[in-house]
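# model this:
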Amino acid sequence: MAATLKKVRPGDPLVIPAATFNAFIDATRDFQQRQRSAEQDHYRELRQTGIVLIRNESGADRGRFDVLGIAGTIVKPGENADAFKERVALKGATPGPEHAGRFAVLLEPLAANEVGRACVAGVCVVKVKMNDEGHTFAEAKSGQATMLDSTASGTACLLWVQPPAEREITGIAWTVAKIGLPTGAASMAAAFAMITSKSGSAPPYRYAAAQATMDEEGAWTQVGGGAAYNNVFNLEEQGAGGQWVNPLVVGDVVLIFAAPDPGVDAFVCTRSHYRGTY
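Numbers count the residues shown, from 1 in each chain. Predicted structure coming up:
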């Protein structure tokens, strides 16, 4: 091997033996193979971490942490099955009504029609318009590509929200969010809450509530700094005549759920009542 790869000095005649030339070829092939393997490992890692490639088809340059609705795949299986299977590459558009739960947060700036990395599932940084400081979820909003909108339920769970006093703009917060939650996942979680206000002149009334807890003596109190729930409706007040008989009062403790549709900024609640003899 030493003779095969013997170096030459300046001015020496350059004679490349077959063994030396073949060694060059073998080294080149090995390098190319390792390069392809590294690329495959990279894209495999992207798929496993919820990070994908996305092409900015919003019609404008987009900044890091902007939001794009998922509008399809760049390569379709009918066009190139191997390329489709090899890596996930999506089209990104300005969010529309159809993009609730179907959006990506950019991890790098993207010029129009350029391809880059984005997060579709997992924990990432994203700006959120805080419609209510009690909101703990967020969702893509139609026509809005620079941030998410806070909601009572949604497919992005706000793990941390920048305090109002630290924001440049009062209603817009940097957040750490877990995105890609199953549609409706937020509505499956229930909590105990205490009714704090009631409005309306006829059922179904509109309530507000605060997160509540119970001590070992069975006494209920509001949780200091806990979740606040606005736009709450009582299931017992829904439906035809006979069901509208048990309006809530301030101080009642209820079991509260997010609305079934993540796009609806509301809650439903229920509690057990004794209705007397029928």
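# Flag every buried residue along stretch 99-116.
For stretch 99-116, the neighbour count (16 or more other C-beta atoms under 10 Å) marks 99-107, 110, 115-116 as buried. For the C-beta atoms, the positions are set from N, CA and C on the backbone; glycine is no exception.
# so how far does it reach from one end to the other?
Terminal residues of stretch 99-116 lie 20 Å apart, using C-alpha to C-alpha, to the nearest Å.
# quick one: average pLDDT of it?
Per-residue pLDDT values over stretch 99-116 give a mean of 94.
# From the chain's centre, how far out is that stretch? Work that out for me.
The chain centroid and the centroid of stretch 99-116 are separated by 13 Å, computed with C-alpha atoms, centre = their mean, to the nearest Å.
# Apart from its neighbours in sequence, what residue is nearest Gly134?
Spatial nearest neighbour of Gly134, chain neighbours left out: Ala228 (3.3 Å); criterion: C-beta to C-beta, 6 or more residues apart in numbering.
# For the one you found, list each beta-bridge partner.
Taking DSSP bridges as the rule, Ala228 bridges to Ala210.
# farthest-separated two in the buried residues of stretch 99-116?
The span of the buried residues of stretch 99-116, defined through C-beta to C-beta, is set by Ala100 and Val115 at 24.4 Å.
# For the stretch 101-250 of the chain, which segments count as helices?
Per DSSP state H, counting those that start in this stretch, the stretch 101-250 of the chain carries helices over the ranges 185-188.
# what are the ranges of the strands in it?
Remark: strands assigned in the stretch 101-250 of the chain by DSSP state E, counting those that start in this stretch are 103-106, 115-119, 122-129, 137-139, 148-151, 156-161, 172-179, 190-199, 206-214, 220-222, 228-234.
# TSV please, covering those strands and showing distance to Pro77.
Converted to TSV, the strands of the stretch 101-250 of the chain look like this (distance: least, C-beta to C-beta, whole Å):
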stretch	distance to Pro77
strand 103-106	20
strand 115-119	19
strand 122-129	25
strand 137-139	29
strand 148-151	31
strand 156-161	29
strand 172-179	26
strand 190-199	41
strand 206-214	47
strand 220-222	54
strand 228-234	43
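# related to what we said a few turns ago, which residues are in contact with the residue nearest to Gly134?
Ala228 sits next to 132-134, 208-211 when contact means C-beta atoms under 8 Å, 6 or more residues apart in numbering.
# Need phi/psi at Phe60.
Small correction: residue 60 is Ala, not Phe. Main-chain dihedrals, Ala60, degrees, to the nearest 10: phi -150, psi 160.
# Excluding covalently adjacent residues, which one is nearest to it?
Nearest non-adjacent residue to Ala60 (C-beta to C-beta, 6+ apart): Ala112, at 6.0 Å.
# Then Gly101?
Excluding the flanking residues, the one nearest Gly101 by C-beta to C-beta, 6+ apart is Thr155, at 4.0 Å.
# wait, doesn't that neighbour sit right on Lys178?
No. Counting by C-beta atoms under 8 Å, Thr155 stays clear of Lys178, with 9.5 Å between them.
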